[in-house]
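>>> Sequence and predicted structure, then a few things I'm wondering about:
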Amino acid sequence: MTPPKLPFFFIFLMAPADGRDEILGDLNERFLAIARRRGTRGATLWYWSQAWSAVVRFGARRLNLRLPIRSGPNRINGPQPRNRVEVMNSTFSDIRYAVRGLIKSPGFTAATVLTLALGIGANTAMFSAINSILVKPPAYEDPDRLIMGLSTYKSQMAGNVSAMDYFDFRDQNDVLESMAAIASFPLGVPVIGTGEPERVQSAIVTVNLFQTLGVDPQLGRHFVPEEESRDSDNVVLISHGYWQRDFGGESSVLGRTLILNGTPYAIIGVMPAGFNFLHEVDLWRPMQANADWTGARRFHNFFTVGRLKTDVTLEQAQAQMDVIARQLAVEYPESNKYYGLRLFGLHESLVFFVRPALLMLMGAVGLVLLIVCGNVASLLLARSLARRTEVAVRSALGATRSRLVRQFLAESTVLAVTGGALGLLFVQWSLATVRRMAPPELPGVANLGIDGVGLAFALGVSVLTGLLFGIVPALRSAKSDTSQELKASGRTTETGAGIRLRGSLVVAQVALSLVLLIGSGLLIRSFLSLRYVDSGFDSSNLLTAEITLPMTGDYEEPEQRIRFYESLMNDIAVLPGVEAVAASNRLPVKNRGGDVNVYAAERPPVTEGELRTALIRTVTPGYFETMRIPLMAGREFTPTDDGDAPRVVIVDESVAERYFPGENPLGRGLVVDVGTDEPWEIIGVAGYVRQNNLQEGDWNPTVYFPYKHGPRLTMRLAIRSNGEPLALVGGLRRALRALNRDIPLAAVETMDEVLAGSVTQPKMQAYLVGAFALVALLLAAIGLYGVLAYAVSQRIHEMGIRIALGANAGNVMRLVLRTGMGMVGIGLGIGLVAGFGLTRFLQSLLYQVAPTDPTTFIGVTVVLFVVGLAACFLPAWKAVKTDPLVALRVE
Amino acid sequence: MGRDALGEFEHLIMLAILRLGPEAYGVPIIDEVEARTGRTVSEAAAYLTLRRLEEKGWIKSRVGEPTPERGGRAKRYFKLLPVGVRRLRESRTALVQMWDGVAAELDR
């Protein structure tokens, strides 16, 4: 256990260099002692209080000039330091002087530091996230040699590989040290272990997966090759979390038994804390040959993982897999004709799907940081002008030019570092947000935090920013001509170059914010069109839950299952508040996948290319009514559609359209390839439902089967309530327990929650970029206002004369507005062009919105124009209100 | 009393060093003061005071060994110098004489 990083960093920063070791050491020692006595929470709290006191005390000590140097103002302006000690001392005095000066202008300092904190904080957070997710390889042994093999169908990515193909690839190649596989989906299983029955997520893995990854169990042993056989004893490895939760972390867990699906499994080991691969699960079971999902080549259920031999490249390995795939295609043309195996670097394939989103966010915060720098530069520029006289006095007293430059640099560096430190607080918060939006199977998300590199990055950005915006005003100030400045005596006027410089900063800011606004506008529109997409059913007041019957024992016979679900439905239907209830083996959006080959019985496909798949769902009578899926033709299933009755199915409108275009599908035969080509008679046509997710682009045709024709063990309940759906949970639990108290109720959530959860990531993206864009808009407006207000105050004399000579309010206002809106106009032009160029990178993140969507482009341009106008209006108003007498008297 | 007065906190810290003898480094010093006085002492305050005492020439320090529970960072051991011992003794004498006969007043 180590102290929390953030306060540690504060102490590290503030402690005197020569005492840092003993201070941090003492604190570490006491932290551990306190953690033992009062727990981690108490110790963390205590550590924070120590950090606070360190910041206050050491900070006060650093500022309050008790440093062992006797220096008066002369040192600030004095001659060049000669040796190293003097350089150190003068650096100290530079910093001290800078801090004093900044404290004297709190408004400027606060604005600058806060602006910087926002920019630097957001950047560090994004960098930390990208670093832990995209850059840092997973914590497996020698991760660069790990590869992932996914199947291709007709050279298109398909993903899943069948177990039998996996065996062939594994046994025939000589490029991989070892090759393993893992089921592409986690599997919830009912488990009876130490107490209440519960539902636990499990993964099916080959016996060599963990050796391939190079991860050993913390306790116990690996699977052994014999356990791949169906005849071997049932064994299971459990996660560290499950071990702690259910077995109190006792080593006696080895050899204990868990009842999975009614079958006993012996626990042979515990994986180390934090270990997870692909799915977040608590149990790993060995994949057995010739079992339910491994028995045929067309059962594509696995991803493969391998470790390259030391001298083999990915390309060489790929070449060999291609050869093996071709042999398999010749040997098993029915199943393998178009299949191949494509290899990817493991890390690369795991991050593939989030890369665009993260890079987009990084781009967005980068833009914000640029705007931030522009704003601060503008602020510093104005400040340096106001201090011209002071600079002139000091250089008259003998300060050299380089000394003055250093002074300004010190000031901006102090600003940047302070902003950076404050930004770190902001980082903590942002990282929590990133953690929420990232899918859990991503490597590195679980222990996402500010790491050393992220920290170094924060400091690097702080200092660089300081130098960047510090150097321009510093050089400008140092160039100034002493006697001229002293003669000007107080009234400062800006040179043409200065106006142009600040003007171009404003133009750049406007352009950058427009780009950000366009990006966020597109993402928000995309999210909204997702949210309000027609799902095909009514998700309101709908409660969902999942029930799995054990495979052995009381529910081995189909009739037993039918009876169980029938009585459960009947019991639920009479609960108060229940309007309707039904069940399906997979509910829309909540449970994906499940497709098979389907064709019209009268038109069997001639070539394989004509085979097309559809999703299949098994539903109980009343399903369409409960889900409020419209029935366009025919009838709904009834309780009499059982195994003895004719084989009937209901199809959705897209099936009707695809297989029976322009014809009446009712009464026609449909062949669904689940092992027989005996056709099913279509008795109804239902409305189209988005089964997999809300954003699916293509039709996902669905065929519905009556439950009694193929009674499954796992069913998902859909319960329509006439009030708050979650209020039904208690009654539901009691009804289930009354039937069988060993069956757990799982995945209880409302359908609205399911739908909202399915768009979490686009929502977070839209919100985050939206927030960045708002910050950018605000900063640009402040920048514009600052420049214009300054320009007006510089020309107050001129305004006074104009008004005295009879210019009316309209003339003056136009004059100021023209200056301001001129800058805005140029900025908008540049931003629009840049936006057209850049938004195509957003393509993959957008749903039903073109990257050059004109509504968004025009909309945000108008918004920025109006905000710009508002920012210009105040200075313009001030110019109009100029009292000529006052303005002229300033002279 | 000389130019360098002995503050109350400095007093406590020096007594803690005296009590601990060869074991006097940051953690036990703070623990000692906290345990005996019941007040909370922050690392930063203790550090600054120790440094001040060293600058005044009343105590001296040496760098000790690093240990794992310190995250591999070295300790700094403190020891009273004869001048410091003399200051403590003077201080005690002064305090004892001032306290003589007034304790009863306070407890009333």
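All right, it came through fine. Residues are numbered from 1 along each chain as shown, chains lettered A, B, ... in the order given.
>>> So which other helices or strands are in contact with the helix or strand hosting residue A:813?
Following DSSP states H and E, one finds residue A:813 within helix A:809-838. Under the contact definition 3 or more C-beta pairs under 8 Å, 6 or more residues apart in numbering or on different chains; DSSP states H and E, helix A:809-838 sits against helix A:496-531, helix A:760-794, helix A:796-804, helix A:854-880. The C-beta positions use only the backbone N, C-alpha and C, and glycine is treated the same way.
>>> Secondary structure element holding residue A:633?
Residue-wise, residue A:633 maps onto strand A:631-634 under DSSP H and E.
>>> for chain B, what are the nearby residues on chain A?
Contact residues, chain A versus chain B (C-beta under 8 Å from any C-beta of the partner chain): A:2, A:15, A:19, A:21-30, A:32-33, A:49-50, A:53-54, A:56-58, A:61.
>>> Buried ones only from these, please, as a PyMOL command.
To isolate the buried members of the residues of chain A next to chain B in PyMOL, using 16 or more other C-beta atoms under 10 Å in any protein chain shown:
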select buried, chain A and resi 15+19+21+22+23+24+25+26+27+28+29+30+32+50+53+54+57+58+61
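>>> Which of the residues of chain A next to chain B fall in helices?
Judged by DSSP state H, helices contain the following of the residues of chain A next to chain B: A:21-30, A:32-33, A:49-50, A:53-54, A:56-58, A:61.
>>> Next one, pLDDT for the closest residue to residue A:733 other than its chain neighbours please.
Spatial nearest neighbour of residue A:733, chain neighbours left out: residue A:745 (5.8 Å); criterion: C-beta to C-beta, 6 or more residues apart in numbering or on different chains. Listed pLDDT for residue A:745 reads 85.
>>> Whichever residue of the stretch 301-450 of chain A sits closest to chain B: what's it in contact with?
Distances between the stretch 301-450 of chain A and chain B by C-beta to the nearest C-beta are smallest at residue A:421, namely 16.8 Å. By C-beta atoms under 8 Å, 6 or more residues apart in numbering or on different chains, the contact list for residue A:421 reads A:10, A:13.
>>> contacting residues around residue A:721?
A:541, A:542, A:543, A:577, A:578, A:579, A:727, A:728.
>>> Thought residue A:541 was touching the last one, still the case?
No - under the criterion of C-beta atoms under 8 Å, residue A:728 is not in contact with residue A:541, lying 9.8 Å apart.
>>> For the stretch 51-200 of chain A, just list every one of the strands.
Here the stretch 51-200 of chain A has its strands, by DSSP state E, counting those that start in this stretch, at A:146-153, A:156-159, A:161-162, A:176-183, A:187-192, A:198-205.
>>> okay, the ones you listed in JSON lines with mean neighbour count next?
Shown next, in JSON lines, are those (neighbours: other C-beta atoms under 10 Å in any protein chain shown):
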{"stretch": "strand A:146-153", "mean neighbour count": "21"}
{"stretch": "strand A:156-159", "mean neighbour count": "12"}
{"stretch": "strand A:161-162", "mean neighbour count": "23"}
{"stretch": "strand A:176-183", "mean neighbour count": "22"}
{"stretch": "strand A:187-192", "mean neighbour count": "21"}
{"stretch": "strand A:198-205", "mean neighbour count": "21"}
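>>> mind putting those strands in JSON lines, mean pLDDT included?
Below are these laid out as JSON lines (pLDDT from 0 to 100):
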{"stretch": "strand A:146-153", "mean pLDDT": "89"}
{"stretch": "strand A:156-159", "mean pLDDT": "77"}
{"stretch": "strand A:161-162", "mean pLDDT": "89"}
{"stretch": "strand A:176-183", "mean pLDDT": "93"}
{"stretch": "strand A:187-192", "mean pLDDT": "79"}
{"stretch": "strand A:198-205", "mean pLDDT": "86"}
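>>> and chain B, which residues reach chain A?
B:25-27, B:30-31, B:42-45, B:47-48, B:51, B:63, B:66-67, B:69-71, B:73-76.
>>> Filter the residues you listed down to the buried ones.
B:25-27, B:30, B:42-45, B:47-48, B:51, B:70-71, B:73, B:75-76.
>>> Going by distance to residue A:223, which of these wins?
Of all these, residue A:223 sits closest to residue B:71, with 38.1 Å by C-beta to C-beta.
>>> Could I get the contacting residues of that closest one?
A:2, A:24, A:25, A:28.
>>> The residues you listed: which two are farthest apart?
Greatest spatial distance among the contacts of residue B:71 (C-beta to C-beta): A:2 and A:25, at 12.6 Å.
>>> Direction included, what does the strand holding residue A:633 pair against?
Partner strands and pairing direction for strand A:631-634 (DSSP bridges) are strand A:680-686 (antiparallel).
>>> Now do the strand it pairs with: everything it contacts.
A:624, A:629-636, A:646-653, A:656, A:665-672, A:703-705.
>>> average pLDDT for that strand?
In the prediction, strand A:680-686 has an average pLDDT of 94.
>>> Enumerate the positions of that strand that are buried.
Burial within strand A:680-686, assessed by neighbour count using 16+ other C-beta under 10 Å, is assigned to A:680, A:682, A:683, A:684, A:685, A:686.
>>> in chain B, which residue is closest to the centre?
residue B:13 (1.6 Å; C-alpha atoms, centre = their mean).
>>> pLDDT score assigned to it?
In this model, residue B:13 is scored at 92, pLDDT.
>>> Checking it next. Helix, strand or coil?
Using DSSP: H, G, I helix; E, B strand; the rest coil, the structure places residue B:13 in helix.
>>> Chain neighbours aside, what residue packs nearest to it?
Looking at residue B:13 with C-beta to C-beta, 6+ apart, the closest residue is residue B:49, at 5.3 Å.
>>> Look up how far chain A lies from the one you found.
Distance, residue B:49 to chain A, by C-beta to the nearest C-beta, to the nearest Å: 10 Å.
>>> what sits against that residue?
B:9, B:10, B:13.
>>> just residue A:35 next, same as before
A:1, A:42, A:43.
>>> Columns pLDDT and distance to residue A:301 on top of those residues, output as CSV?
Shown next, in CSV, are those (pLDDT from 0 to 100; distance: C-beta to C-beta, whole Å):
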residue, pLDDT, distance to residue A:301
A:1, 76, 41
A:42, 85, 48
A:43, 88, 47
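>>> For these, pick the one with the most neighbours.
For the contacts of residue A:35, the largest number of neighbours (other C-beta atoms under 10 Å in any protein chain shown) sits with residue A:43, at 21 neighbours.
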